Every structure is written in structure tokens, then in C-alpha cells.
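Undergrad: pasting the sequence and the predicted model now:
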Amino acid sequence: MRVIGTAGHVDHGKSTLVAALTGTHPDRLKEEQAREMTIELGFGWMNLPNGEEVGIVDVPGHRDFIENMLSGIGGIDAALLVIAADEGVMPQTKEHLAILDLLQIPAGLIVLTKIDIASDDIPEGGSTWLDLLEIDIRGAVSGTVLKDAPIVRVSAKTKTGLDTLISTLSKILEEKPARLDLNRPRLPIDRVFSMSGFGTVVTGTLSDGHLSVGDEVEILPSGLTGRVRGLQTHKKKEEIAVIGSRTAVNISGVDTELIKRGEVVVHPNQYQATRRIDARFRLLKDAVSSVKHGDEVKFFVGACETIATLRLLGVEELNAGEEAWIQLELRDPVVTVRGDRYILRRPSPSETLGGGSIIDHQPKGRHKRFDESVLKSLESLTQGTPAEVLLEAALALNIASIKDVVTKSRLDSVKAQSVLDELIQSGQITLLENGEVKTTSDLLIVILPHWNELKSRVENILNLHHKQFPLRRGMSREELKSKLKLSPRIYTACITQLVKQKTLIEAGSWVANAGHEILFNGAEQAQVQKLMRKFELNPYAAPSVKECQSEVGEEVVNALIELKELITVSSDVIFRRTDYDEMVEKLRTILKQKEKITLAEVRDLFNTTRKYAQALLEHLDTIGVTARDGDFRRLKNP
């Protein structure tokens, strides 16, 4: 699931656009509606043409509420930079664009709104006002994450261009890879409220992992603990909230007054709060003034903000457009991890200074500012720890041999072996085949996010099959292999591992999700009972396979065979399991006593016809119970 965020100058039509796209106006506060200006974050959702449901975060555009904007923009997958056709690029357009660039928002498009009120005059030179405006916009976004973003002309009032906007957005998201799921749920809280009859509810965008109803959760940095009582995504109840979704979490055991915006909901013992951070920082090229060592700044990450003291490492002062290593001493503890993007602002006068990427969220101590070893260590950390380097290699290769992953990581064999053992032990890498784990091994491995994705694909395919064919034991292994489009070796290794993990069950040539059962509905059960009464009347001259299919249908007959309620002994002869077992046991007993028996004797023994007796004996020959000796049958292994 993905989340889109708006950005742009005040009164450029962001909220009106969201309302046109979703059917719901995001401004929910009376003050916002009275002033016709967004103050707090607003939310909506919509379905794209491909069926994907996406959430939308609408942010305030006024400079006085830029910090509210920052609490909602960090968790988005794509941005809609909204620019009004009657005004063009304005101060908050530039500031919002700078923030999107600093946060490295992975995708986006530019929406030229209010085209219904733009001038249609064609000035000398032949270009329209909108054409000239687009040229100006291209200049403004050059060198940013939106430099290649498409520009879509829209009027929310007349609905002009909305279909183009939606199809363009859908295409952009389809080309964007899914979020990396490290199975460590983290939900930065951007709203806290209480609902009558439910209690405490928090909302946010789930940036990793998943949350389930009943989960024990911890709220950091306060350390409060509670349990997930309910989950909603886009006002629909969910048992599981997935990565990237706008999620409302009803938490029991925690008072609303004790939770603050900016805290995070996590699973216990997976994250630690910190008051010190090492980071790479870029000062915006149009910053009003330089920054100096010891400056007080506002630090924004996720939905959190706090005051921090800026420690410049390796330099005394940083000028506009320059980069440096920094260490931030935070007034309040925050929860963040390596790789998170952050923003720094000047408290007074208010100004967005710049931002960058967190390199170490748990540094060991306060660095000496001009220590070359510290600067070299930070530089190497941009490449990641050995574990992170190996994980990146595994992530890039998907399912691959240990040897190939280690080669791609370029780690030395000793370090790679140590890290590999650690990652397999912790479950971050799954070993798909049995054997000795060595850096030169051809054994297949897969990183947890890819493994979870594959597991989910398999479960979804099988769930759909079970829904379409509820009376079948499962799907054939070959059909599943064809749908997954995996090589024979990888497919076999994956299925074996999923069976080992009890995600799947298999028998012979079919596989099924664990827990799948063949269950007859009321009408089918009545048909089965009627058929079984016919078997009771003539147990040794039972209805033929075709007669059974005519009575209850082929799917029900196959289900009874899968459940071993019926046993087929030939293409046309079938018996109830109890009758079949009785016949086999009787033949065993007689053959132990007299050693041999003819087909006619078997026919008379069960008071049946030659057809049934012959089918039974030939079946027993095939499965190795009896062996033919001329006109007689003997026990194959007496």
C-alpha cells in the first residue's frame, strides 16, 4: 500500500484537489473551513485504475504551519507538487520543493491547478501563459528529485485533467518498487485522539513491518505499553496493517493524554530511543546565512520534532550549498534508524536550513570535532556496516547462492563468514537448502524482505485457488511453479522451506496453505449422504465412478477421493473406504489360510460381479498386495 503527499504554496488548491480526487475534503477543523486554509494534516484515499488503493496526506501550505507539514510528509511514497496557474512558483512552493528534495521523496509529479482561471492570451512569440509557466516550473525543479516529474494541467473545479492526473500517478507508482519490509513495525504518530466506546486511537503511516490485532506494542520514547485492540485503514477494519498503509491503531491500556505526536508505535524490544545522532547534512543553497558550530536548531524526523544543538565535524562553519558531517545533541529522545531522512530548521527567525541522512542513530559518544579517524569512520559508515553491506548484496540479488552474495558484497571471507552466521541466526537471511554454510557455498539464501514477499505471493495464489476450488485438496506443484515463474531448483528449495516452516502442506503432487480443509456446504453434504446410502445397499457392487459423478458432481467425487472416503480401484470401479478395507482384510486372511484364490472365488466371496472382482484384484496386484499366478492370486509378501 502506498501514500501520496501534497506540497505547495498556500491557496494553490491542494485541499480542493484532494477533495476532487477522493470525494472527501481533507480540512476537518472548523477553523480550517472558516478560514479556507489548511492548518493541520488532512487525509483521504482513492482507488487507482489498476485497483490499488492509495492514501493521501494533505499538508498546510502557509509558512506559519510548515512544521505541521513536516510531521506528515516524511512517510510518503510520492509527492504531488501543486502550483496554481494564476500565480506560478511562490515562496512556499520553493520551500516545500526543497523539503521534498532533502527527504529524497522517491517519486512525484507536478500538478498545475486552477487552469480554468488562467489567462488564455497568446503573447508575442506564440506561447500560451501555461506554456511559459511550465518553462518557469522546469527551471525551479531542475537539480531536484522532481527534475523529470511530469506536469499535469488540472482544474479541480471543472474536473479537467483529473483522469490524466490519476493515470499518470498510477503509472509512476507502478514503476516504483515496493517499500523494503524488514519486519520491524514502526508507526510514527501524527494524530492522537479518543473515541467514545473505543478509547485511545493513534494514526500514522506504517513505515516498516506490520501490526496485527492483539499485538503487544510499546510507545517510544515514553516506554508506555499496551495492546492493539483494533486497526483501521481508510476507515475499514483490518486484522493486519501492512507496510506503507495509513493506519489508525486503537490501543488498550494507555491513556490518550500520555501520548504525544511524534512518538512511535513499535513492537517491544525492537527499537531504542536516542539523544545523539551522527548525520550527513546539506545546507540549502538559498539559505539566508551560514550555520556555525553550536547553533541551536529544530530537528524533524518522521512525525517528531525537537530542539537540538548542532555540532559541526571537521569544519567551523558551513555556507549555503555546502555539506558536512554533523553530530546532533537532542533535547528530547527520539526513535530513528540509520538511513532515515531528516530536516533542520532555524527556530528564529523560522527558516528551513537543510537536511540529509542519518548515518548512526546510536553513536558511542561525543566526537572530537577534528579527529580524522572519526571523519573516516563516518565516511565508511555511509557504505554501511559489514552486516548492512551483505544485506544490501542479498537484497540486490534476491534468491541467490551464498557465494554470489558474498562476491557482490566484496567483503573479505573472514568478515563475511562471521556476518553471514549472525544474519542467518537472527533470521534476517533464510537458508533455503541444507548443507554447510561457507562463503564459497552454492547453497541458496534469501533476505527476509524478499522471503516475506515470496511467502505472501504463494499464500495469495493458494488462497485464491482454495476460494475458486474449495473441494480440492490443493494446487498441483507444477501449476504453482508456473504461476511463480521460478526455476526448478529455486522453486523446490522454496516450497521445501515453506513446508518446513509450516506455512504450506504438501502431499504427492499438490500443495496447499496450512489450515486449508475440504468442507462441504449444506447441499453438498446432503448429496454425499444420499450417495453413501447407495453404497450401503450394495457395498461390493457399488455405483460406478460415472454414476457417482452424475449423482453429486465431479468436484464432490474428487473431494471424497481426496479425503479417502472413497477408493478408486479402476477407472470405473469405486468403493467406500470401510468396504474396501474390509475386502482387502478378508482376502489377506483367506490367502494366509489357503495360499491362493481365483477370480471366480473372489466374486462369490463378496457376492458381486466379475467386473468388480477383477477390478479389485488387478488393483491389489498393482499396489503389491497380491501377485498373479496363472488363474490364481497369491499374497505377494505372505
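TA: Arrived safely, thanks for sending.

Undergrad: just the strands in the stretch 401-550 of the chain please.
TA: Assigned by DSSP state E, counting those that start in this stretch, the stretch 401-550 of the chain shows strands spanning 429-431, 444-447, 475-476, 504-507, 510-513.

Undergrad: quick one: list the elements packing against the second one.
TA: Contact analysis of strand 444-447 by 3 or more CB pairs under 8 Å, 6 or more residues apart in numbering; DSSP states H and E lists helix 386-397, strand 400-401, helix 402-409, strand 429-431, helix 488-500 as its packing neighbours. No exception for glycine: its C-beta is placed from N, CA and C like everyone else's.

Undergrad: work out the gap between the second one and the centre of the chain.
TA: Spelled out, it's strand 400-401. Offset of strand 400-401 from its chain centre (CA atoms, centre = their mean, to the nearest Å): 23 Å.

Undergrad: same question, the first one
TA: On the basis of CA atoms, centre = their mean, the separation between the geometric centre of helix 386-397 and that of its chain is 19 Å.

Undergrad: ok so, going back, mind putting the helices and strands packed on strand 444-447 into a markdown table with mean pLDDT?
TA: Formatted as a markdown table, those follow (pLDDT from 0 to 100):
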| stretch | mean pLDDT |
| --- | --- |
| helix 386-397 | 84 |
| strand 400-401 | 93 |
| helix 402-409 | 87 |
| strand 429-431 | 94 |
| helix 488-500 | 93 |
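
Undergrad: is it true that Gly88 touches Ile137?
TA: Yes. Between Gly88 and Ile137 there is a contact under CB atoms under 8 Å: 7.5 Å.

Undergrad: how about stretch 594-611: buried residues?
TA: Neighbour counts over stretch 594-611 (16 or more other CB atoms under 10 Å) mark Ile597, Leu599, Val602, Arg603, Phe606, Thr608 as buried.

Undergrad: should've said stretch 323-339
TA: Using 16+ other CB under 10 Å as the test for burial, stretch 323-339 gives Ala324, Trp325, Ile326, Gln327, Leu328, Leu330, Pro333, Val334, Val335, Thr336, Val337, Arg338.

Undergrad: quick one: mark the members of the buried residues of stretch 594-611 that sit in strands.
TA: Counted as lying in strands by DSSP state E, out of these, are Ile597.

Undergrad: list the contacts for the nearest residue to Pro185 once chain neighbours are set aside?
TA: In space, and not counting its chain neighbours, Pro185 is closest to Gly209: 3.3 Å by CB to CB, 6 or more residues apart in numbering. Neighbouring residues of Gly209 by CB atoms under 8 Å, 6 or more residues apart in numbering: Asp181, Leu182, Asn183, Arg184, Pro185, Arg186, Ile243, His267.

Undergrad: mind redoing it with 7 Å?
TA: Contacts for Gly209 (CB atoms under 7 Å, 6 or more residues apart in numbering) come out as Asp181, Leu182, Asn183, Arg184, Pro185, Arg186, Ile243.

Undergrad: and the strands of the stretch 401-550 of the chain, which is most packed in?
TA: Scoring the strands of the stretch 401-550 of the chain by mean neighbour count under mean count of other CB atoms under 10 Å gives strand 444-447 as the most buried, with a mean of 25.

Undergrad: just the CA atoms of it, as PDB, please.
TA: Output of strand 444-447 as PDB, limited to C-alpha atoms (Å, rounded to 0.1, in the frame of the first residue of the first chain):
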ATOM      1  CA  LEU A 444      20.700 -20.800  -1.800                       C
ATOM      2  CA  ILE A 445      19.800 -17.900   0.600                       C
ATOM      3  CA  VAL A 446      17.300 -15.100   0.600                       C
ATOM      4  CA  ILE A 447      17.000 -11.900   2.600                       C
END
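
Undergrad: gap between the residue nearest to Pro185 and Pro349?
TA: 40 Å (CB to CB, to the nearest Å).

Undergrad: one step back: how about the residue nearest to Pro185, phi and psi?
TA: Here is the backbone geometry of Gly209 (degrees, to the nearest 10): phi 60, psi -160.

Undergrad: I'd like the numbering to begin with 34 instead of 1 from here.
TA: Yes, from this point I'll number from 34; that puts the last item at Gly242.

Undergrad: need the pLDDT of it.
TA: In this prediction, Gly242 carries a pLDDT score of 85.

Undergrad: domain map for this structure?
TA: As assigned by automatic domain parsing, the chain contains the domains 35-208, 219-299, 307-414, 419-459+468-476, 555-668.

Undergrad: so where's the longest helix in the protein?
TA: Looking across the chain with DSSP state H, the single longest helix is helix 481-501.

Undergrad: by contact count, what packs against that helix?
TA: Helix 481-501 sits against helix 510-517, helix 521-533, strand 543-546, with contacts defined as 3 or more CB pairs under 7 Å, 6 or more residues apart in numbering; DSSP states H and E.

Undergrad: need the winner for burial among these.
TA: Most buried of the helices and strands packed on helix 481-501 by mean neighbour count (mean count of other CB under 10 Å) is strand 543-546; its value is a mean of 20.

Undergrad: restricting to C-alpha, output it in CSV.
TA: Only the C-alpha atoms of strand 543-546 are listed here, as CSV (Å, rounded to 0.1, in the frame of the first residue of the first chain):
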residue,chain,number,x,y,z
TRP,A,543,-0.2,-30.9,-4.7
VAL,A,544,0.4,-28.2,-2.2
ALA,A,545,-1.9,-26.1,0.0
ASN,A,546,-1.9,-23.4,2.6
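
Undergrad: so what does that strand touch, helix or strand wise?
TA: Counting contacts by 3+ CB pairs under 7 Å, 6+ apart, strand 543-546 is packed against helix 481-501, strand 508-509, helix 510-517, strand 537-540.

Undergrad: for the second one, which outside residues touch it?
TA: Contacts made with strand 508-509 from outside it, assessed by CB under 7 Å, 6+ apart, are listed as Leu495, His498, Ser542, Trp543, Val544.

Undergrad: next one: the last one
TA: For strand 537-540, the surrounding residues in contact (CB under 7 Å, 6+ apart) are Ile528, Leu531, Val532, Val544, Ala545, Asn546, Ala547.

Undergrad: tell me the one of the residues you listed nearest His58?
TA: Closest approach to His58 among those (CB to CB): Asn546, at 42.0 Å.

Undergrad: do you know the pLDDT at that closest one?
TA: Per-residue pLDDT puts Asn546 at 89.
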